[in-house]
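Engineer: When you get a sec, could you give me coordinates for this:
(one chain, ligands or ions: 1)
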Amino acid sequence: MPQILLLEDEPAIADTLLYALRSEGFAVTHVQLAREALAAFATQPPDIAILDVGVPDGNGFDVCRAIRKTSELPIVFLTARTEEIDRILGLELGADDYVSKPFSPREVCARVKAILRRTASGRGAEPAAALATSPAAPLRLDEAAQRIACGGDYLALTRYEFLLLATLLRRPGRIFSRAELMELVWAEAPDTLDRTVDAHIKMLRAKLRERGLSAELIQTHRNMGYSLTLSL
Ligand code: CA
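Structural biologist: Residues are numbered from 1 along each chain as shown. So this is what the prediction gives:
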């Protein structure tokens, strides 16, 4: 049973979320304060954290940063303000997703399930024996599972890292401009900045290097954009 840490100080929102998540079979620890969230994380690390941005003793961003010092667990933000979304999408926080208030509890459940499905193998929780790769195709897009295979298992990617790499993988060799990538990947987040694309590319390259692949798998084309190389 997946464990969820929920930080939300508004009782009405917390109650509907708790009900929906528990109905889906999740075990949820609910806290209302940032320091309680950190204490709960330290005591029993969850499989995923859902963090409200504004809480009485601080904010979800600080909680996220503290968690990220020791853990890559998936983190979803709950936010009521559009100006917060830019910060969430910016990479410094390492969040996996966000949901804007007002939201339906069902939407939150769907996001949580999608993220857990996408990250489970990447984090080693599930064997991925059937994946064969050749040096010519070090990465393989699994559209059905919304994951990207690398070697014998899956890359652990945030939502936008996945969407970005999947876009490049579908058309190897094709150069995508930043504007195109923003359109294709961040379609639902209209305030995205050029540097958001660059920052995500940087993170993806770091993850590829961690897996023993060349960062040059994703090529930069000066003044044009990015492509997935054909030659590796
Ligand atoms: Ca709040």
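
Engineer: Which pLDDT value does the model give residue 202?
Structural biologist: As predicted, residue 202 sits at a pLDDT of 91.

Engineer: Against the ion, how distant is residue 200?
Structural biologist: Counting by CB to the ion, to the nearest Å, the gap from residue 200 to the ion is 27 Å. From N, CA and C alone the C-beta is placed, and that goes for glycine too.

Engineer: Assign a three-state SS to that residue, would you?
Structural biologist: What DSSP: H, G, I helix; E, B strand; the rest coil gives for residue 200 is helix.

Engineer: Contact residues of this protein facing the ion?
Structural biologist: 9, 52, 54 (CB under 5 Å from the ion).

Engineer: Just among the residues you listed, which is most surrounded?
Structural biologist: In terms of neighbours by other CB atoms under 10 Å, the residues of the chain next to the ion top out with residue 52 at 24 neighbours.

Engineer: Would you list the phi and psi of that one?
Structural biologist: phi -70, psi 140 (degrees, to the nearest 10).

Engineer: now do residue 74
Structural biologist: According to degrees, to the nearest 10, residue 74 has phi -60, psi 140.

Engineer: 37 is where my numbering starts, stick with that
Structural biologist: Fine by me, first position is 37 from now on; the one you just mentioned is residue 110.

Engineer: what's the burial count for it?
Structural biologist: By other CB under 10 Å, neighbour count at residue 110 equals 27.

Engineer: State the distance from it to the ion.
Structural biologist: Residue 110 sits at a distance of 20 Å from the ion (criterion: CB to the ion).

Engineer: what number of residues lie near the spatially closest residue to residue 130 that is not a sequence neighbour?
Structural biologist: Residue nearest to residue 130 in three dimensions, not counting chain neighbours: residue 104, with 5.0 Å by CB to CB, 6 or more residues apart in numbering. Neighbour count of residue 104, defined by other CB under 10 Å: 15.

Engineer: Would you indicate which residues of the helix or strand that contains residue 233 are buried?
Structural biologist: Following DSSP states H and E, one finds residue 233 within helix 230-246. The neighbour-count check on helix 230-246 (16 or more other CB atoms under 10 Å) flags 232-233, 235-237, 239-241, 243-244 as buried.
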